[in-house]
Structures are given as C-alpha cells and as structure tokens.
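Undergrad: Turn this into a structure:
(2 chains)
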Amino acid sequence: ELKVEQNPLFLSMQEGKNYTIYCNYSTTSDRLYWYRQDPGKSLESLFVLLSNGAVKQEGRLMASLDTKARLSTLHITAAVHDLSATYFCAVDGVWSGGGADGLTFGKGTHLIIQP
Amino acid sequence: GAGVSQSPRYKVAKRGQDVALRCDPISGHVSLFWYQQALGQGPEFLTYFQNEAQLDKSGLPSDRFFAERPEGSVSTLKIQRTQQEDSAVYLCASSIQGADGYTFGSGTRLTVV
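TA: This next block holds a predicted model:
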C-alpha cells in the first residue's frame, strides 16, 4: 500500500525566513505533485516532478524530487504572508510500484507566516 | 469548459437522505477521479473513470456510495442513506490520459445533520 508522509504537519514562521517541508513516500514512483489549498478552496497545482533529480522553482517556492530516497522537498525562501496556506504532496499511483489509480496525498502542512 | 465544474457547491442533508453530486470535467479529459476530503485531512481516493468505464472503485467507503459516468463526460457521485461520517468535501479531478497533471474542481461541501 502506498503511503505518503509529510512533515511538519503544522508550521508557523516569520516573514523573511526560509524553511523546508518534507514528503516521504513508501513505494517507488516517478511522479510527484505539490498542491496548495487555501481555506475553503480547492487544490491549486504548484509543481509536477517527473523524474529523479527534478527541481522546479516558481517565485519563492522550489520543489525537488529524489526517487532513490523516496523524498521530495518544498523549500520556501524569504517567506511572505501571502504564502500562508496548506501544502499537500501527492504521489501518482499509476507511476508507483503499487499500481494504484489516482493520487495518494499526504496529510498536508498547515503553514502560517506571521508578518 | 475552462475548468472542472462541480455542483452543488454546498449541500446540507438530513441523515438518511440520498444525495447526488455532479462533476463536469474539462472537455476532452479522458480520466476522471473522485476524492473525499475530511476536515483537516488530505484528499482520499474514491473512484476512477476512464471515459465511461469505472476502472477502480476501491476507495468507495461503503456500498452506499455509487458513481457513474454514462457518456464519458459528466459524472455523478451518489450517496444513499447519508450518515454523519459522510460529511466532507468531495473533490472531482480530471486529466488527459498520460498528461502531466490533474485539474481539480472547487468541490462540494456535504454536511449531514
């Protein structure tokens, strides 16, 4: 069974600081997603990581994938209040050894950035 | 359409009532997924369609849950005899088969009272 674990689950940080969210998963997969969710809203796609060593950056967010370690990271640089949200990583079951359909999500990291 | 459309946006049901939730995927998207998101949790897979074929329904929590996509476009998730534990946001997502991502709808927030 594919399992996805995120940590931390809750993070409060100050503007201007850097931090990293970690996403570990239990079976091999070559496809990992990061989503943002604001309260009461749906999921907004941030990054799709398609291969080992993939690194993508958008503004103050950078995501990477290490398929050998079964680890993805989401790094926040010089955080600003507007980045406050819940961030989910998700592994695509079709591309994992488990052969499951659809995405398996972590529990999410609730991020609060204090001005 | 431009995005995945779900309706209703909110639904309050009395316990024991049947409900039907609708998903209108992006035109041309072959794959359609339903997820259930409980408060404070990540979405959990319910079921998957490829065109009109339901290829995986392993995530449906009980036989009270039923999904269909008869013409390979619009899908309906039906919950019979709703229970309080069914209260959640139900998300629909669609994708072009083999493409790089999934587009999620805004969800239906179901509250069973």
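Undergrad: By proximity to chain A, which residue of chain B wins?
TA: Minimum separation of chain B from chain A (CB to the nearest CB) falls at residue B:42, amounting to 3.4 Å. C-betas here are computed from N, CA, C, even on glycine.
Undergrad: Stretch B:71-79 spans what distance, first to last residue?
TA: 20 Å (CA to CA, to the nearest Å).
Undergrad: ok, and what's touching the helix or strand of chain A with the lowest mean pLDDT?
TA: Every helix and strand in chain A was compared by mean pLDDT, DSSP states H and E; the lowest is strand A:103-105, with a mean of 92. Strand A:103-105 is touched from outside by A:2-4, A:25, A:33, A:88-93, B:33, B:35, B:42-45, B:93, B:102, with contacts defined as CB atoms under 8 Å, 6 or more residues apart in numbering or on different chains.
Undergrad: tell me the contacts of the residue most central in space within chain A?
TA: Centre of chain A computed as the mean C-alpha position; nearest residue by CA atoms, centre = their mean is residue A:89, 3.5 Å away. By CB under 8 Å, 6+ apart, the contact list for residue A:89 reads A:4, A:6, A:21, A:23, A:32-35, A:72, A:74, A:105-106.
Undergrad: any idea which of these is closest to residue A:115?
TA: Closest approach to residue A:115 among those (CB to CB): residue A:21, at 20.4 Å.
Undergrad: So what's the residue count around that closest one?
TA: Neighbourhood size, residue A:21 [other CB atoms under 10 Å in any protein chain shown]: 24.
Undergrad: Report the residue spans of the chain with pLDDT below the cut-off.
TA: Defaulting to chain A. A:94-100 (pLDDT under 70).
Undergrad: meant chain B actually
TA: B:1, B:98-100.
Undergrad: ok, which stretches of it are strands?
TA: For chain B, applying DSSP state E gives strands covering B:5-7, B:10-13, B:19-24, B:31-37, B:44-50, B:53-56, B:65-68, B:75-79, B:88-95, B:103-104, B:108-112.
Undergrad: Check chain A too.
TA: Under DSSP E, chain A gives strands at A:4-7, A:10-14, A:19-25, A:32-37, A:43-49, A:55-58, A:61-66, A:71-76, A:85-92, A:103-105, A:109-114.
Undergrad: does stretch A:25-41 come close to chain B?
TA: Yes. Stretch A:25-41 reaches chain B (CB under 8 Å from any CB of the partner chain) through A:33, A:35, A:41.
Undergrad: JSON lines for the residues you listed, including neighbour count and distance to residue A:59?
TA: Output for the residues of stretch A:25-41 next to chain B, formatted as JSON lines (neighbours: other CB atoms under 10 Å in any protein chain shown; distance: CB to CB, whole Å):
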{"residue": "A:33", "neighbour count": "23", "distance to residue A:59": "18"}
{"residue": "A:35", "neighbour count": "24", "distance to residue A:59": "16"}
{"residue": "A:41", "neighbour count": "13", "distance to residue A:59": "19"}
